[in-house]
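Participant: What follows is a predicted structure for the sequence shown.
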Amino acid sequence: MSGVMTRTHRKQSLWLAFLLHRLSGLTLALFLPVHFYVLGLALRDSADLDGFLALTDNPIVKLMEFSLVFLLAVHLFGGLRLLALEFLPWHDRQKSLAAGAAALAFLAGCGFLLRAF
Amino acid sequence: MTVISALQTSEISVSVWRGDETGGEPVHYQVPQQPSQTVLDVVTWIQRNAEPGLSYRFACRVGMCGSCAMMVNGRPRWTCRTHVRDVLDGQKIELAPLRNLPVIKDLVCDMSEFFAKWQRAEGRFQPTSGRHDAVANFVPSTPQRVAADAGIECINCAVCYAACDVVTWNPGYLGPAALNRAWTLVNDVRDGGQRNRLHAISGQGGCQNCHSQQGCSNHCPVKLNPTRSIAGLKKTIARAVLKRQL
Amino acid sequence: MLSPRLFVAQRLSALIMAPLVIAHLLGMIVAVQGGLDSGEILSRTQGSMAFGLFYQLFVFVVSIHAAIGIRVVCHEWANLHGRMLDLITWSVMLILLIMGTFAVIAVALP
């Protein structure tokens, strides 16, 4: 899949919304097994979990967590936009809705970041 | 030579994809720029003055038939309705045959699969009455008729098909035009083929493959909205699944 | 590469998960205050039936949703189909279901 965004017919915001939705979904799907594994550490010994969680004090790790929160939120809000598009009466303002979804997701991420630091 | 044409010195660099089903490459031509010029004028100039062997399609040249559709600077458009000044990218234009369809020669693509998908989507009217029956009496303002009317102006030019990435990635996908047509018939109260159509639009190439990228609506020269039609089809099949009809 | 039933399953799982994800996001934003500590988290979750049920539901639904999503991506971008595609779909679902259930047990068991 070369030249993803360089194809001219793709240079529009709703294609970008699609790409963001797909990439966020992929990232979350790949992240989940890692997430489940880390939580499973609590079964063995909470010291293991603590050891891992201590890593999360690192600001770079916090930024990665912000990205995950953002990706989850953007996938959620983008998904809600799609569900509305497909199952509620049609609205022409799809670009505005897509932009709104991304903005809400960013706010959610910022909410996380503010509490994390 | 008239005074005006004697003063015309600016030229456009036009890159035209030339080749056939075995392959091809862009070939460059210098075309005189005119004050009011469509991309179709440019292609015609090339064929008449520079390359008689250039193959391309056109018919009405006034934006009614859709025959002249091709990729102009990476976007599928009707060349007769595309003014050069609107697409000139630093005195350059790139022309190529429509995406997602096999090439026959140069700018001419094979539309067979596009039309075949139209049929596969049950995009044809199935009458329920004959010439001896009374004329069908349906109200134009019903939601169903309004939904159908919103999509019936499609002239099957394949611009939306060329713009759709799901068609690129999923060769069996019926595509926006075929599904849009099917939607207009789903909403036609006179049509008797709804059961077959339901299966046709929910099969492997069905409407559920659409990701609402809206490349189709973005590029449709007749300003139709196949994404909206496909959303309607999605509601239809979801209802059918929940009612165990699919 | 979706049947109409898989399509509906995808949309339904999304709808069910919407409130679960919102709750999870809010929970994370609350929990992350002052750093993450296993004692703090586990004291809230261990022995809590509500927590266990909430997250087990989440695991069940996300396994279906992610598996179908990955299926579509594998078909469109990796050109996979037929049995290989089915194998990947089932594998994703089972991996997430099993690992997720272990995780829920780990944090919710008293």
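Facilitator: Received, thanks. Residues are numbered from 1 along each chain as shown, chains lettered A, B, ... in the order given.

Participant: buried sites along stretch A:102-117?
Facilitator: For stretch A:102-117, burial by neighbour count (16 or more other C-beta atoms under 10 Å in any protein chain shown) applies to A:102, A:104-105, A:108-109, A:111-113, A:116. The C-beta positions use only the backbone N, C-alpha and C, and glycine is treated the same way.

Participant: can you check stretch B:96-111 too?
Facilitator: Neighbour-count burial for stretch B:96-111 [16+ other C-beta under 10 Å]: B:96-101, B:103, B:105-109, B:111.

Participant: Could you identify the longest helix within chain B?
Facilitator: Of all the elements of type helix in chain B, the one with the most residues (DSSP state H) is helix B:226-242.

Participant: From C:Glu40, how far off is the residue positioned nearest the centre of chain C?
Facilitator: Residue closest to the average C-alpha location in chain C (C-alpha atoms, centre = their mean): C:Val62, at 2.9 Å. Using C-beta to C-beta, to the nearest Å, we find C:Val62 at a distance of 24 Å from C:Glu40.

Participant: Can you tell me the SS state at the nearest residue to B:Gly66 once chain neighbours are set aside?
Facilitator: Among residues not flanking B:Gly66 along the chain, B:Cys157 sits closest, at 2.7 Å (C-beta to C-beta, 6 or more residues apart in numbering or on different chains). Following DSSP: H, G, I helix; E, B strand; the rest coil, we place B:Cys157 in the coil state.

Participant: what do you get for the one 5 residues further on?
Facilitator: Secondary structure for B:Ala162, judged by three-state DSSP, is helix.

Participant: what about it, how many neighbours?
Facilitator: By other C-beta atoms under 10 Å in any protein chain shown, 28 other residues sit near B:Ala162.

Participant: again, but for B:Ala231
Facilitator: Around B:Ala231 there are 23 residues (other C-beta under 10 Å).

Participant: ditto for the one 10 residues further on
Facilitator: Burial measure for B:Val241: 21 neighbouring residues, criterion other C-beta under 10 Å.

Participant: next one: B:Ile201
Facilitator: Using other C-beta under 10 Å, B:Ile201 has 28 neighbouring residues.

Participant: Distance of it relative to A:Gln94?
Facilitator: As judged by C-beta to C-beta, B:Ile201 and A:Gln94 stand 22 Å apart.

Participant: same deal with A:Val38?
Facilitator: 37 Å.

Participant: Just say helix, strand or coil for C:Ser43.
Facilitator: Classification of C:Ser43 by three-state DSSP places it in helix.

Participant: So for it, what's the pLDDT?
Facilitator: Among the per-residue scores, C:Ser43 shows a pLDDT of 79.

Participant: Neighbours of C:Ile88, how many?
Facilitator: By other C-beta under 10 Å, 18 other residues sit near C:Ile88.

Participant: which ones are touching it?
Facilitator: C:70-71, C:74, C:80 (C-beta atoms under 8 Å, 6 or more residues apart in numbering or on different chains).

Participant: does chain C sit close to the host helix or strand of A:Leu26?
Facilitator: Using DSSP states H and E, A:Leu26 sits in helix A:13-44. Yes: using C-beta under 8 Å from any C-beta of the partner chain, helix A:13-44 reaches chain C at A:22, A:25-26, A:28-29, A:32-33, A:35-37, A:39-43.

Participant: now do stretch A:50-67
Facilitator: Yes: judged by C-beta under 8 Å from any C-beta, stretch A:50-67 and chain C are in contact via A:50, A:53, A:56-57, A:65.

Participant: looking at it, B:Ser10 is touching B:Leu88, isn't it?
Facilitator: No: look at B:Ser10 against B:Leu88 with C-beta atoms under 8 Å: they stay out of range, at 10.3 Å.

Participant: and the two? which has more neighbours close in?
Facilitator: Neighbour count, other C-beta under 10 Å: between B:Ser10 and B:Leu88, B:Leu88 has more, with 16 against 9.

Participant: For that one, which non-adjacent residue is spatially closest?
Facilitator: Distances taken as C-beta to C-beta, 6+ apart put B:Ile12 closest to B:Leu88, at 6.7 Å, once the chain neighbours are dropped.
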